[in-house]
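Participant: with the sequence up front, the predicted model follows.
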Amino acid sequence: MINQVFFFYFSAVIVATSVMAITRRSVMHGVLYMLLLFFHIAGLYLFLNAEFISAVQIIVYAGAIMVLFLFVIMLLNLRDDIKKRQFIATWPMGLLVSSGILMIILMAMLTIKTGTQGQWGIAQIERLTHTVAIGTVMYTQYLFPFEVASLVLLVAIIGAMVLAKKRIK
Amino acid sequence: MAMFGLPQWLWAIGVIVVKIAIVLGAVMGHVAYATYFERKVIGRMQNRLGPMIVGPFGILQPIADGIKSFFKEDIIPTNADKPIFFMAPILGLMAALASLAVIPFFDGFVVANINIGLLYLFAMSSLAVYGIILGGWASNSKYSFLGCLRASAQVISYEVPLGLSLVGVMLMAGSLNITEIVNAQSRYPGGMYITAQWLGFFVFVLSAIAETNRAPFDLPEAEQELIAGFFTEYSGMRFALFFMAEYTGMITMSSLAVLCFLGGWTLPPFVLKMMPFLGVVPGVVWFAMKLYVCMFFYYWIRATLPRYRYDQLMAIGWKVLIPLSLVNIVITSVIKMFLHHGGTP
């Protein structure tokens, strides 16, 4: 019972804040609603016994990425956003694409089958703590994909530096 | 355990509320008197007396300051973004106070003993910058705006070494739970991780000073160039809220240094063996004494060092502190691997 109440609260706030984030006139207010959204996503993770992911969600998204967003917005100093009536001219196309995605999600939801219970049940994670569990899995079973992902990020960092540098001798 | 006819869950909530009240009361008292001691210490170092008028040796000065800021007029700039202007100081103080929830002041006394204590602290300290950024932006003033741009770049840069410098401690203790880190330290031969993690401690101290925007890294509020930086337009109680958030942040960072590097509420085993009578002193006394030393260090370098230039600040963060903390992680993990597994991973 209390689980459903919590889940309903988090999902309702997530939906409401994401709608608010894209409908605000002021970009700054939109970003603040997004901050609220990240907090509720972190709450949802915590509710699923994933405390490590929940903390990382706040540190990375709320603490670093959102601050960078704010930084860019402040540097651009978008003051004419309040006067303009509409930002994007191609909204019918956006509506078409997003309703298509919604259809796919609904179809997936109706036909989803949960797999068999593996090694990492809730009891096992509560015994080991989530940080230990995720670390063990990531550095043994899924070491290769993990390293590939870090290589992709490294390439992105070097690429950004090359692009930002004016001239390479 | 149904005491006084109350159900167990209500009893548990009551205990937590009482703990929160004790922690808040103690920390707010310390915040008030941290300002007094800062003025006294810096006064002494600059050959002045510091506050002397209100009460004997000016001891009632923080109370007078509090009353004054409470009754001052609350001025709001005409073109300020009002909701964000109102919210910013509250958000800053809220993030600073929320991080106190996971700090154990002595054995067993902690509001929330969670497994990811250190990560939670990082999350809250990275949120503290929102108060600064939003306050500076919403004021709609050049000085505030420059202050908040500096603050956001500085805090993003220094969060990285701050987190990485504590990874060595996490590796040695094998836990993210702060109480367990302190217990692991008391089992460690030296009794304090500062002996093995001196490199990590060095990086931690510098990044903690930059993260709390204190001198010599106080560029966001540089009085001489930006008047007061992000809180130029704030007055009265809202200004006091920013001030409280800054000092609470200092207390949190000092407590983190005490808990992760200086042994928390415990004494090193060899000291206890030499002087066993020290064991009867409650742990909170040792915690407070170590905390005061760290706070004194904050004041000391503020009175000693001039402010860094902005490019120097960025260069120290990215070119010195981050490589040093990465080296520290590699050394710590290699030594731990050899000690625990004899060289075979």
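Facilitator: Sure, I can see it. Numbers count the residues shown, from 1 in each chain, chains lettered A, B, ... in the order given.
Participant: give me the below-cutoff pLDDT ranges for the stretch 1-150 of chain B.
Facilitator: Judged by pLDDT under 70, the stretch 1-150 of chain B has its weakly predicted residues at B:1-5.
Participant: nearest residue to whatever residue of it ends up closest to chain A other than its sequence neighbours?
Facilitator: Chain A sits closest to B:Ser126 of the stretch 1-150 of chain B, with a gap of 2.8 Å, by C-beta to the nearest C-beta. (Glycine included, C-beta is placed from N, CA and C.) Leaving out its chain neighbours, the residue that sits closest to B:Ser126 by C-beta to C-beta, 6 or more residues apart in numbering or on different chains is A:Gly63, at 2.8 Å.
Participant: thinking the one you found is in contact with B:Tyr130, fair?
Facilitator: No. Using C-beta atoms under 8 Å as the test, A:Gly63 is too far from B:Tyr130 to be in contact (9.0 Å).
Participant: which outside residues touch stretch B:163-172?
Facilitator: A:59, B:118, B:122, B:176, B:181, B:184, B:188, B:193, B:196-197, B:199-201, B:203-204, B:207, B:256, B:260-261, B:321-322, B:325-326, B:328-329, B:332-333, B:336 (C-beta atoms under 8 Å, 6 or more residues apart in numbering or on different chains).
Participant: okay, now B:Ile20: neighbour count?
Facilitator: The tally of other residues near B:Ile20 (other C-beta atoms under 10 Å in any protein chain shown) stands at 15.
Participant: ok, now which ones touch it?
Facilitator: Residues in contact with B:Ile20 (C-beta under 8 Å, 6+ apart) are B:Ala101, B:Val111.
Participant: how does it look with 7 Å?
Facilitator: Residues in contact with B:Ile20 (C-beta atoms under 7 Å, 6 or more residues apart in numbering or on different chains) are B:Val111.
Participant: name the helix or strand for it, please.
Facilitator: Element membership for B:Ile20 (DSSP states H and E) is helix B:8-45.
Participant: quick check: next helix or strand after that helix?
Facilitator: Next along the chain after helix B:8-45, with elements defined by DSSP H and E, is helix B:61-71.
Participant: quick one: buried residues of that following helix?
Facilitator: B:Gln61, B:Pro62, B:Asp65, B:Gly66, B:Ser69 (16 or more other C-beta atoms under 10 Å in any protein chain shown).
Participant: then stretch B:171-182?
Facilitator: B:Leu171, B:Met172, B:Ala173, B:Ser175, B:Leu176, B:Asn177, B:Ile178, B:Thr179, B:Glu180, B:Ile181, B:Val182.
Participant: excluding its backbone neighbours, what's nearest the fourth one?
Facilitator: Using C-beta to C-beta, 6+ apart and skipping residues adjacent in sequence, the residue nearest B:Ser175 is B:Ile181, 6.1 Å away.
Participant: what number of residues lie near the residue of chain A found nearest chain B?
Facilitator: Residue nearest to chain B within chain A: A:Gly63 (2.8 Å; C-beta to the nearest C-beta). A count of nearby residues for A:Gly63, using other C-beta under 10 Å, gives 25.
Participant: chain B contacts on chain A?
Facilitator: With the criterion set to C-beta under 7 Å from any C-beta of the partner chain, chain A comes near chain B through A:28, A:51-52, A:55, A:58-59, A:62-64, A:67-68, A:70-71, A:74, A:129, A:131.
Participant: scan these and report the most crowded one.
Facilitator: A:Ala55 (27 neighbours).
Participant: on that earlier part again, and the buried residues of stretch B:171-182 as CSV, adding pLDDT?
Facilitator: Listed next are the buried residues of stretch B:171-182 as CSV, based on pLDDT from 0 to 100:
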residue, pLDDT
B:Leu171, 86
B:Met172, 85
B:Ala173, 84
B:Ser175, 82
B:Leu176, 85
B:Asn177, 85
B:Ile178, 86
B:Thr179, 86
B:Glu180, 85
B:Ile181, 85
B:Val182, 86
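Participant: of these, which pair is most distant in space?
Facilitator: The most widely separated members of these, counting by C-beta to C-beta, are B:Leu171 and B:Thr179 (17.5 Å).
Participant: now do the SS call for A:Thr114.
Facilitator: coil (DSSP: H, G, I helix; E, B strand; the rest coil).
Participant: phi and psi next, for it.
Facilitator: phi -80, psi 140 (degrees, to the nearest 10).
Participant: how's chain A carved up into domains?
Facilitator: A:1-85, A:119-169 (automatic domain parsing).
Participant: with mean pLDDT added, can I get these in JSON lines?
Facilitator: Shown next, in JSON lines, are the domains of chain A (pLDDT from 0 to 100):
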{"stretch": "domain A:1-85", "mean pLDDT": "83"}
{"stretch": "domain A:119-169", "mean pLDDT": "84"}
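Participant: go through those domains and pick out the most buried.
Facilitator: Mean neighbour count (mean count of other C-beta atoms under 10 Å in any protein chain shown) peaks for domain A:1-85 among the domains of chain A, with a mean of 16.
Participant: I figured B:Tyr193 hits B:Gln185, correct?
Facilitator: Yes. With contact defined as C-beta atoms under 7 Å, B:Tyr193 reaches B:Gln185; the gap is 5.5 Å.
Participant: what about residue 114, how many residues nearby?
Facilitator: As the question left the chain open, I've gone with chain A. With other C-beta under 10 Å as criterion, A:Thr114 counts 5.
Participant: um, chain B though
Facilitator: Applying other C-beta under 10 Å, we find 19 other residues in the vicinity of B:Ile114.
Participant: verify the stated contact: it with B:Ile103.
Facilitator: No. At 11.4 Å, B:Ile114 does not count as touching B:Ile103 under the criterion of C-beta under 7 Å.
Participant: got the residues of the stretch 151-300 of chain B near chain A?
Facilitator: B:Ser152, B:Ile156, B:Glu159, B:Leu176.
Participant: skipping its backbone neighbours, what lies nearest B:Pro89 in space?
Facilitator: B:Leu241 (3.8 Å).
Participant: secondary structure element for that neighbour?
Facilitator: Counting by DSSP H and E, B:Leu241 is found in helix B:236-261.
Participant: show me what that helix is packed against.
Facilitator: When contacts are defined as 3 or more C-beta pairs under 7 Å, 6 or more residues apart in numbering or on different chains; DSSP states H and E, helix B:236-261 packs onto helix B:8-45, helix B:61-71, helix B:82-98, helix B:117-138, helix B:178-187, helix B:198-211, helix B:283-304.
Participant: now the element after that helix, going C-ward?
Facilitator: Next along from helix B:236-261, by DSSP H and E: helix B:269-274.
Participant: coming back round to it: what's the angle from the helix holding B:Leu241 to helix B:61-71?
Facilitator: 140 degrees (axes from the mean of the first three to the mean of the last three C-alpha atoms, to 10 degrees).
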